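Visitor: Return a 3D structure for these sequence lines:
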Amino acid sequence: MKIILAVDAIFPPLTGIGRYAWELARQLEKNREIDDIRYFSMGRWVDDLQGLLCCPENSTPAGFSPFRLTRKLSVSLRKYASRQNWAIHAYSFLIPRWTSYRLKPYKSHLYHSPNYFVPPLTGQAVATFHDLSLYKYPETHSKAHRTLFDLEISRTLRHVSHLITDSETTRREVIDFFAWPEDRVTAVHLGVDPAFHRRTDEELRWVLARYGLASGKYGLCVSTLDPRKKINALLQAYAELPLPLRNAYPLVLAGSSGWLNESTLKQLEKGKKENWVRHLGFVPDTDLPHLYAGARAFFYPSIYEGFGLPVLEAMASGVPVLTSDRSSLPEVAAGAAYLVDPNDHEALKDGIAISLCDEVWRAQAISLGLKNSSNKTWEICANKTIAVYKSILSA
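Guide: Below is the predicted model:
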């Protein structure tokens, strides 16, 4: 089996699709069923995956070359594509064609894009569609982003052999939305890194101290601050908890700023002034597992997810989870979380209080969460992905 994995989504800081591509790459290179695996990014071959995280420029040949030029062009076009319509069309016209040219000698390899888009290839190809938020909640994406997706997805569906989704929920959405054949789309759950596990107070002490936190003394949400994550609803509900409860377990938010979040930022500032909210921003990978493991409870009221990896990471860390009853989140939680309608203010407020205070429910949630997360690893994810490869190549 010969595989080409697109790794253009792997760059620091490693989040979202980049995390998926990174974990998949690490597992595939260890698998004995794969005879040859190559990594491809922005028109050039990548030999050093770690280099993409440490110093991305070092993974590109030095001096003048078409590969270095392509990378510079690709990065520049992607940068301006967020603001300029001409750059979107230029990127969509030039980069896929250059990619196809570079891949032409490798028709015997199966090409896998972990990030939606597949260039016009003559060989076999598979793409991973993580969610359909751009189509279901277009108001949460920029016009430029929507334009790029419209151009690239239509081409991808013409050239792809098979689609992978992160959940059965997203699989059904893809089948229905694109009228895609059921036997050509497969759900493969994501995995959780072994770094996310239960830790003692002593293990947590020094990392949490850097953030002014103590083990078991805060509620946690790890998320970008964009509208579909419903952080505003979480803040409104938390604000109405009894003051002693908020003081005992302040809400800690970790994650990037996101977008379209002006009202959320105002709520954050109010909560910070009242001393029951902490916003840490982006937290490094080395610290994040400790932040999870030290939480009293984890809250993730997102209205739409293709999977919802933070829910699984919290469960693996031995932390009770409250999450939304929408999209793929009940599937991922598998009965181990407190599910709530994120638009129901009273239900959300009550769920937060139960997650923090109900010791009977908390003990049950921790036990079920640990069992659920143990069944979802990156090795299992890779093995099921390889099974998809085999089905395509044997067809």
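
Visitor: how is the chain carved up into domains?
Guide: The chain resolves into domains spanning 2-191+378-393, 201-374 when parsed by automatic domain parsing.

Visitor: quick one, which of the ones you listed is packed in tightest?
Guide: Scoring these by mean neighbour count under mean count of other C-beta atoms under 10 Å gives domain 201-374 as the most buried, with a mean of 19. In this view, the C-beta of every residue, glycine as well, is placed from N, C-alpha and C.

Visitor: And the helices in the stretch 201-350 of the chain?
Guide: Applying DSSP state H, counting those that start in this stretch to the stretch 201-350 of the chain gives helices spanning 201-210, 231-239, 243-248, 262-273, 288-293, 309-316, 329-333, 345-357.

Visitor: Of all the ones you listed, which one is nearest L110?
Guide: helix 309-316 (25.3 Å; C-beta to C-beta).

Visitor: same for the closest one, what does it pack against?
Guide: strand 219-222, helix 288-293, strand 297-300, strand 321-324, helix 329-333, helix 359-374 (3 or more C-beta pairs under 8 Å, 6 or more residues apart in numbering; DSSP states H and E).

Visitor: Paired strands for the first one, with orientation please.
Guide: Right, strand 219-222. Sheet partners assigned to strand 219-222 using DSSP bridges are listed as strand 251-254 (parallel), strand 297-300 (parallel).

Visitor: For it, what is the distance to the chain centroid?
Guide: Its chain's C-alpha centre and that of strand 219-222 lie 16 Å apart, by C-alpha atoms, centre = their mean, to the nearest Å.

Visitor: repeat for the third one
Guide: Centroid separation between strand 297-300 and its chain, computed with C-alpha atoms, centre = their mean, is 17 Å.

Visitor: for the chain, where's the lowest mean pLDDT among helices and strands?
Guide: helix 66-81 (a mean of 46; mean pLDDT, DSSP states H and E).

Visitor: end to end, how far does stretch 9-19 reach?
Guide: The first residue of stretch 9-19 is 8 Å away from its last residue (C-alpha to C-alpha, to the nearest Å).

Visitor: ugh, wrong one, stretch 278-288
Guide: 15 Å.

Visitor: what residues does that stretch touch?
Guide: 13-14, 195, 207, 210-213, 218, 222, 250-257, 268, 272, 291 (C-beta atoms under 8 Å, 6 or more residues apart in numbering).

Visitor: if we can go back for a sec, same list, the helices and strands packed on helix 309-316, but as CSV with distance to R184 and mean pLDDT please.
Guide: Below are the helices and strands packed on helix 309-316 laid out as CSV (distance: least, C-beta to C-beta, whole Å; pLDDT from 0 to 100):
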stretch, distance to R184, mean pLDDT
strand 219-222, 34, 98
helix 288-293, 36, 98
strand 297-300, 31, 98
strand 321-324, 29, 98
helix 329-333, 21, 98
helix 359-374, 29, 98
